[in-house]
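> Sequence and computational prediction follow.
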Amino acid sequence: MSTFHVVRVLSLSVLLAASDPLYTTRAQTPSGQIFGVVTDPSATAVAGASITVQNETTNQQRVLTSGTAGDYVAGQLAPGRYRLTVRHPGFKAAVVSNLELQALQNLRSDVQLSLGELAESVTVVSENIQVDTRGSSAGLLVDDKRVRE
């Protein structure tokens, strides 16, 4: 294959990718993350807890498992309202709802499990303004209208 043909194929590939609205939307969609630590009533880390992160608008879910230090990170999440459901044998299921994730935000949500059966649950509604303690950056979602102005 000649150099001309290689350049032509590469140019065509770039043009097709740039003209695909789904490709450009995905590439420009800012994301955030929800992170925290799962503990028991004595503030001891709970390893191996199942954490379901659900977008309350789209109902998309991601299931994570807490690490040995009880920590979890749900990264690359679209901005929106989320619900966390945390389960571990010997504890009541904990539900934290109304977590509002902004673009480029690191949202901390620590969860303390209560002793009990999985069939029981404890629901917490988040009403506080969350502060990003992991970094000093600020984010802002800018639409194409503002860019043109």
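Everything's here; your move.

> Contact partners for residue 50?
Neighbour list for residue 50: 63-65, 86-88 [criterion: Cβ atoms under 8 Å, 6 or more residues apart in numbering]. C-betas here are computed from N, CA, C, even on glycine.

> again, only using 6 Å
Contacts for residue 50 (Cβ atoms under 6 Å, 6 or more residues apart in numbering) come out as residue 87.

> tell me the pLDDT at it?
Looking at residue 50, its pLDDT reads 98.

> That one pairs with what?
Taking DSSP bridges as the rule, residue 50 bridges to residue 65, residue 87.

> Quick check on residue 36: phi, psi?
Note on residue 36: its backbone torsions stand at phi 170, psi -170 [degrees, to the nearest 10].

> Low-confidence regions, this structure specifically.
By pLDDT under 70, the low-scoring segments of the chain are 1-28, 118-149.

> quick one, helices of it?
3-19, 21-28, 144-148 (DSSP state H).

> okay, now residue 84: neighbour count?
Other residues near residue 84 come to 23 when the count uses other Cβ atoms under 10 Å.

> Which residue comes closest to it once chain neighbours are left out?
residue 96 (4.4 Å; Cβ to Cβ, 6 or more residues apart in numbering).

> What's the local residue count around the one you found?
Neighbours of residue 96 (other Cβ under 10 Å): 21.

> hey, what's it bridged with?
Going by DSSP bridges, residue 96 forms beta bridges with residue 84, residue 124.

> roughly how far apart are it and residue 109?
6 Å (Cβ to Cβ, to the nearest Å).

> Same check on residue 81?
13 Å.

> so what sits against both of these two?
By Cβ under 6 Å, 6+ apart, no residue touches both residue 81 and residue 109.
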